[in-house]
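**Q** got a predicted structure here, sequence first:
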Amino acid sequence: MRQVLLKYCGGCNPTINRSKIIAEVKRGLPPDVELVSKTADQVAEVGIMMSGCSTTCLDREDVRKQAQQWIVVGGNNVNYFPVENDQLADLIIKKIIDCLPPASK
Amino acid sequence: MTLKTPQQYLDDLRNMKIDLYMFGEKVENYVDNPIIRPSINAFAMTYKLAQEPEYEDLMTATSSLTGHRINRFTHLHQSPEELMKKVKMLRLLGQKTGCCFQRCVGMDAFNAVFNTTFEIDAKHGTQYHERFKKWLEYVQDNDLAVDGCMTDARGDRSKTPGQQPDPDAYLHVVERREDGIVIRGCKLHQTGMINSHEILVMPNNTLKDDEKDWAVCCAVPLDAPGMIYVYGRQASDTRKLEGGNIDIGNIYFGGQEVMTIFENVFVPNDRIFMNGETDFSTMLVERFAGYHRQSYGGCKVGVGDALIGATKAMADYHGVSKASAVKDKIVEMCHLNETLYACGIACSAEGRKTAAGNYLIDLLLANICKHNVTRFPYEIARLAQDIAGGYFVTMPSEKDFAHPEIGPLVKKYSTTSTTVPAEHRQRMGRLIENMTQGAAAVGYLTESMHGAGSPQAQRIMITRLVDLEHRKELAEKLCGVKENNDVDWK
């Protein structure tokens, strides 16, 4: 399985439904990709920072060093660009597939 | 040179040849005009304090573009800490000037245009962001004063820019040439306009697809051909022509508002940062307004500090400062003022990085900040007038105090204590008058109401930014209307 590290913010005042969006992402990913809270590798290939609001408090050094590439979600922003709510899950899926190395045959 | 001295700043203004009108006459030497000079002095304090070691931590910053030490008023905020430093800098300047010092609007425009142009380019493949960075480097390295310029004349408020009988009601592009554009229109309420070197023009509001001519953002030198300025009146402004220095209240500083007319002004391509991208006008307006709504959580607090100080002084002069009712009212003034500061700090602390790299305040909290600013300074001013008593609006003029025959009688009956000269009460009363209903009330009260958007503009943003359905679900889970999966233990 190809693993993607998933980190959540504390969820104090979310403007998006984080768990609902992640559930949609899981449904849309290829079957060989899984979202995990801890990867087998010390530093993950790809990670998702799932912050509930635009403050994006997860984006800090101690989290950054846990993966080589990050998809940064902060409320209705992905990698700091604004995104419509109903397009968030699809865009996250697309970015995961773009970031991950191809599946080994 | 990246930090100008106040003297260099004044020399720049003296060298500028602008088309300025006031009281129906053309003004040639506006730097030494007694009505205008206090506003220039207030602006000059933004240069003065940047030179002082005890203020440089707030007043200066390291440029993210060049690495040079620059005035924070030309800076792109690089962290939540820097957003907070901005608020603290504005409070400091409000304390030092007791009025609007006019330079924040340019700083707020820089930050909004910087991150919006980045996102325009990402979507449309344009080159605005690099152009803007180049222009901003010029501004930073020459420590220029820039007026962020948004509010149009707006004509019939029930119509959009494209529906107006007079298309000039909103500034727009009237001609597109190979080497640039020609713009026409008028921006109202322009704070500190003629105390600036440059103008950063922005669109006023959300635009429809067919309103491309109004989607324009560009930089214009103050002395560009076609620019006309008409100076705005303020309450008691002609007291500055009377020759005294008591009745004007604030004897050094004041604000400035200018009607700014763009009469077919040419803008070359390298100064154009938006030209028809209607899909980004809302983003630019909201971000600029957000930064500016944060600003009020600093500047108005500083002016409030000065007004609270004046109120305390009057209570002391009158011998009532130990009365519990007076103490309680001053505590209330402080509570209101510090609440505004808390909002300014909060929207900064919750600020976030943008795709372009600079930091944006939390838009919801910035709107909450400004919404409180539309109310609290009025209550602070009411309490100041309550404690000051009525004499600050009924006392004779300073010429009567100085009159050889009636002067001694006027002083005798204006005296409250053997230890307080009548002139102290006279000066402090005039300062409270100046700030709560005189020339400085333009900045402290009406600008608090309408500057950076009137109260309803904040309520619209609050409606958009608060997720009420989320809050409804919280309640429904608590009372059993909806299943609560959080409680999964026996």
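**A** Structure's in. What do you need?

**Q** which helix or strand contains A:Val72?
**A** Using DSSP states H and E, A:Val72 falls within strand A:67-74.

**Q** contacts for the helix or strand following that strand?
**A** Next helix or strand after strand A:67-74 toward the C-terminus (DSSP H and E): strand A:77-78. Identification of contacts with strand A:77-78 by C-beta atoms under 8 Å, 6 or more residues apart in numbering or on different chains yields A:54, A:56, A:71-72, A:83, A:88, A:91-92, A:95, B:352. Yep, even glycine has a C-beta here, placed from its N, CA and C like the rest.

**Q** show me those residues that map onto helices.
**A** A:88, A:91-92, A:95 (DSSP state H).

**Q** circling back: quick one: list the elements packing against the strand holding A:Val72.
**A** Helices and strands touching strand A:67-74, by 3 or more C-beta pairs under 8 Å, 6 or more residues apart in numbering or on different chains; DSSP states H and E, are strand A:44-51, helix A:88-99.

**Q** any buried residues in the last one, and which?
**A** Think helix A:88-99. For helix A:88-99, a neighbour-count test (16 or more other C-beta atoms under 10 Å in any protein chain shown) marks A:88-89, A:91-93, A:95-96, A:99 as buried.

**Q** and that helix, how far out from the chain's middle?
**A** 8 Å (C-alpha atoms, centre = their mean, to the nearest Å).

**Q** can you name the residues that contact A:Lys7?
**A** A:37, A:47-50, A:58, A:63, A:66.

**Q** which residue, other than its chain neighbours, is closest to it?
**A** Closest residue to A:Lys7 apart from its sequence neighbours, by C-beta to C-beta, 6 or more residues apart in numbering or on different chains: A:Met49 at 5.5 Å.

**Q** give the helix, strand or coil label for B:Gly302.
**A** In three-state terms, and counting by DSSP: H, G, I helix; E, B strand; the rest coil, B:Gly302 is helix.

**Q** re earlier: show residues contacting the strand holding A:Val72.
**A** Counting by C-beta under 8 Å, 6+ apart, strand A:67-74 makes contact with A:5, A:16, A:21, A:43-51, A:53-56, A:58-59, A:64, A:78-80, A:88, A:92, A:95-96, A:99, B:352, all of which sit outside it.

**Q** tell me where the stretch 201-350 of chain B has helices.
**A** Taking DSSP state H, counting those that start in this stretch to define them, one finds helices in the stretch 201-350 of chain B at B:281-318, B:324-349.

**Q** for the last one, name the packing helices and strands.
**A** Meaning helix B:324-349. Helix B:324-349 sits against helix B:80-97, helix B:281-318, helix B:363-373, helix B:376-388, with contacts defined as 3+ C-beta pairs under 8 Å, 6+ apart.

**Q** deepest-packed of these, please.
**A** Neighbour counts (mean count of other C-beta atoms under 10 Å in any protein chain shown) averaged over each of the helices and strands packed on helix B:324-349 peak at helix B:363-373, with a mean of 26.

**Q** rewinding a little: how about the helices and strands packed on strand A:67-74 in a markdown table, adding mean pLDDT?
**A** Shown next, in a markdown table, are the helices and strands packed on strand A:67-74 (pLDDT from 0 to 100):
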| stretch | mean pLDDT |
| --- | --- |
| strand A:44-51 | 96 |
| helix A:88-99 | 96 |
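
**Q** how about these in CSV, adding distance to B:Tyr30?
**A** Listed next are the helices and strands packed on strand A:67-74 as CSV, based on distance: least, C-beta to C-beta, whole Å:
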stretch, distance to B:Tyr30
strand A:44-51, 50
helix A:88-99, 53
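
**Q** relative to B:Ala235, which of those is closest?
**A** strand A:44-51 (47.9 Å; C-beta to C-beta).

**Q** with just CA atoms, put stretch B:333-352 into PDB.
**A** Output of stretch B:333-352 as PDB, limited to C-alpha atoms (Å, rounded to 0.1, in the frame of the first residue of the first chain):
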ATOM      1  CA  MET B 333     -13.400  54.100  28.700                       C
ATOM      2  CA  CYS B 334     -10.300  51.900  29.200                       C
ATOM      3  CA  HIS B 335     -12.300  48.700  29.000                       C
ATOM      4  CA  LEU B 336     -13.800  49.800  25.600                       C
ATOM      5  CA  ASN B 337     -10.400  51.000  24.300                       C
ATOM      6  CA  GLU B 338      -8.600  47.800  25.300                       C
ATOM      7  CA  THR B 339     -11.400  45.600  23.800                       C
ATOM      8  CA  LEU B 340     -10.600  47.300  20.400                       C
ATOM      9  CA  TYR B 341      -6.900  46.600  20.900                       C
ATOM     10  CA  ALA B 342      -7.700  42.900  21.800                       C
ATOM     11  CA  CYS B 343      -9.600  42.600  18.500                       C
ATOM     12  CA  GLY B 344      -6.700  44.100  16.500                       C
ATOM     13  CA  ILE B 345      -4.300  41.700  18.100                       C
ATOM     14  CA  ALA B 346      -6.600  38.700  17.800                       C
ATOM     15  CA  CYS B 347      -7.200  39.100  14.000                       C
ATOM     16  CA  SER B 348      -3.400  39.400  13.600                       C
ATOM     17  CA  ALA B 349      -2.500  36.400  15.900                       C
ATOM     18  CA  GLU B 350      -5.000  34.300  13.800                       C
ATOM     19  CA  GLY B 351      -3.500  35.600  10.500                       C
ATOM     20  CA  ARG B 352      -2.500  33.200   7.800                       C
END
